[in-house]
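Peer 1: below: sequence and its predicted model.
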Amino acid sequence: MTSGRLESPLRVLIVEDEAPIRRFLRTALHARGYQVDEAETLGAARATCTGRPPDVLLLDLGLPDGDGIELVREVRGWSTLPIVVLSARGEEAQKVLALDAGADDYLTKPFGVPELLARMRAALRKRAPKATEMPVAEFLGADGRGFAVDLAKRRCRRVENGVATDVKLTPTEFRLLAVLVHHAGKVLTHTFLLREVWGPNHDGDVAYLRVYMGQLRQKLELEPARPRWLCTEPGVGYRLQVDESP
């Protein structure tokens, strides 16, 4: 018979701006052997997720400096970290939006601890094996030119003549690049990219997507007008070339 405690403690990041709820969750999780980190804001949560990725993320959507769905999309750009949304927003549309953004599950407040633990276990099983850390992805030609992306550290560098130079990307540019990296070599449709980066309500914003692809090419391609890596598939979408273009 087991005690209900974990054999190997897992780390849970609680992102919640209300102190009483954080205290309640911390006490319940500690009692069952979890290690707990806490964040009150989107900014603090982002820093923790990238600096010390947890095993499970419990996320409230209503944060003082932004919407938690932003964090879901960002994390999904580089990780399969299990995400369980905890929110007072019970409307079906909000649940669909969070799940479409990449959350594994959605619990409406108030909820019971047994149900929360069951949802966490299910999310962990679904996402196993853990893949919160990813190696640096490099896209270099035979001449050593190209770029490298560290998805976990959210860092991008352009490489030319053996010299790597940091490239500053906006959060949206990085999310778009991360989706392309995750599916490198595959043709991704306009609709797929729009949904992955901006959400399900932007299916028709192809012109918007073209603007951001243009910005990425300006920053990563040596000849933006003749892209070597960020290739257009006419009438369909885009592809991140994995090998040097012929």
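Peer 2: Looks like it came in fine. Numbering: from 1, shown residues only.
Peer 1: low-confidence regions, the protein specifically.
Peer 2: Under the criterion pLDDT under 70, the flagged ranges of the chain are 1-8, 127-135, 200, 243-246.
Peer 1: mind listing the strands in the chain by residue range?
Peer 2: Secondary structure of the chain, counting by DSSP state E: strands at 11-15, 35-39, 56-59, 62-63, 66-67, 83-87, 105-108, 137-140, 146-150, 155-160, 163-166, 187-189, 230-233, 237-240.
Peer 1: looking at those, which is closest to residue 121?
Peer 2: Ranking these by proximity to residue 121 (CB to CB) places strand 56-59 first, at 9.5 Å. C-betas here are computed from N, CA, C, even on glycine.
Peer 1: dump the strands of the chain to CSV, plus distance to residue 96 and mean neighbour count.
Peer 2: Listed next are the strands of the chain as CSV, based on distance: least, CB to CB, whole Å; neighbours: other CB atoms under 10 Å:
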stretch, distance to residue 96, mean neighbour count
strand 11-15, 20, 23
strand 35-39, 25, 18
strand 56-59, 16, 27
strand 62-63, 17, 17
strand 66-67, 15, 15
strand 83-87, 12, 24
strand 105-108, 9, 18
strand 137-140, 31, 16
strand 146-150, 30, 21
strand 155-160, 32, 18
strand 163-166, 37, 10
strand 187-189, 21, 15
strand 230-233, 29, 15
strand 237-240, 24, 21
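Peer 1: so which of these gets nearest residue 195?
Peer 2: strand 187-189 (9.5 Å).
Peer 1: coming back round to it: could the strands of the chain go into a markdown table alongside distance to residue 202?
Peer 2: Below are the strands of the chain laid out as a markdown table (distance: least, CB to CB, whole Å):
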| stretch | distance to residue 202 |
| --- | --- |
| strand 11-15 | 25 |
| strand 35-39 | 27 |
| strand 56-59 | 22 |
| strand 62-63 | 22 |
| strand 66-67 | 15 |
| strand 83-87 | 20 |
| strand 105-108 | 21 |
| strand 137-140 | 25 |
| strand 146-150 | 23 |
| strand 155-160 | 23 |
| strand 163-166 | 29 |
| strand 187-189 | 13 |
| strand 230-233 | 19 |
| strand 237-240 | 14 |
